[in-house]
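S.K.: Here is the input, now give the coordinates:
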Amino acid sequence: MLGFLAIFWTSFLIGFSGALVPGPTLTVTVREAVKRGAKAGPLVVLGHGLTEVAITVALILGVSSFMHDIRVRKTIATVGGAFLAWMGISMLRKFRSLDQAEALATKASAGGNSAPVLLGVTTTLSNPYWFGWWGSIGATLLVSSSSLGVRGIVAFVTGHISSDLLWYTIVSYLVSLGLSYSKGAWYRVIFAVCGAFLLVVAVMFIRYGVKLTGA
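M.R.: Presented below is the predicted three-dimensional model:
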């Protein structure tokens with residue numbers, strides 16, 4: 001049991017340190033929290049967590065070498081960069097027209113829960129660094145945790161996902177509090193910053209893909 005807990009907390013702390021670093025998944029969590037409130041974080045993490053479970057299964061089946069394939073990472077980088085660029089441009093085009101009434105109305109009318117879950121999946125799969133992390137650090141941690149068999153793998157996966165769930169829930173909750181007490185300008189600033197950040201990340205991804213082309 002101590003081995004199980006040790007693996008869980010090690011995975012949690014490593015995952016939490018990564019979750020604190022701003023990225024496209026965090027950005028869309030903030031965007032969705034403005035519209036949907038505190039539930040946005042857990043929903044985005046649900047989509048993100050599905051990809052974590054899927055890639056864990058894939059690694060167990062022995063496809064880690066696939067993630068190191070230059071052609072695969074190039075495709076992920078360029079397609080993912082284009083996707084994030086489109087999302088960032090859309091946010092920058094819209095942010096000037098946002099106001100508090102619109103944001104509150106959007107939040108109230110957002111009955112479907114599929115969008116943030118899908119965003120959790122797409123922003124994760126569009127990130128080539130995520131594949132790189134799992135092909136190296138993640139694979140190493142998985143091998144270490146597998147020494148306890150299925151229990152060790154479960155401890156590793158749950159610890160890793162729990163760190164994302166905790167952080168993104170905190171972020172979406174704080175954003176939802178700001179939604180109730182701030183003015184419309186606050187939303188425009190949030191959207192502008194998030195949109196600009198997505199464009200920066202998109203450029204990084206595309207440049208990464210171009211660099212791989214010459215590798």
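S.K.: How much space separates Ser172 from Leu166?
M.R.: Applying Cβ to Cβ, to the nearest Å, the value for Ser172 to Leu166 is 11 Å. The C-beta positions use only the backbone N, C-alpha and C, and glycine is treated the same way.
S.K.: Looking at these two now, which is surrounded by more residues?
M.R.: Set side by side, Ser172 and Leu166 show more neighbours around Ser172, with 26 against 16, by other Cβ atoms under 10 Å.
S.K.: Give me the pLDDT for that one.
M.R.: Here the pLDDT value assigned to Ser172 is 89.
S.K.: dump the residue contacts of it.
M.R.: Going by Cβ atoms under 8 Å, 6 or more residues apart in numbering, Ser172 touches 29-30, 32-33, 37-42, 44.
S.K.: what's downstream of the helix or strand hosting it, the next helix or strand?
M.R.: Following DSSP states H and E, one finds Ser172 within helix 150-181. Heading C-terminal from helix 150-181, the first helix or strand you meet, by DSSP H and E, is helix 184-213.
S.K.: Mind giving me the packing neighbours of that next one?
M.R.: Where contact means 3 or more Cβ pairs under 8 Å, 6 or more residues apart in numbering; DSSP states H and E, helix 184-213 is packed against helix 24-36, helix 70-94, helix 100-109, helix 128-133, helix 150-181.
S.K.: Could you list the buried residues of stretch 45-62?
M.R.: By neighbour count on 16 or more other Cβ atoms under 10 Å, the buried set for stretch 45-62 is 45-49, 51-52, 55-56, 59.
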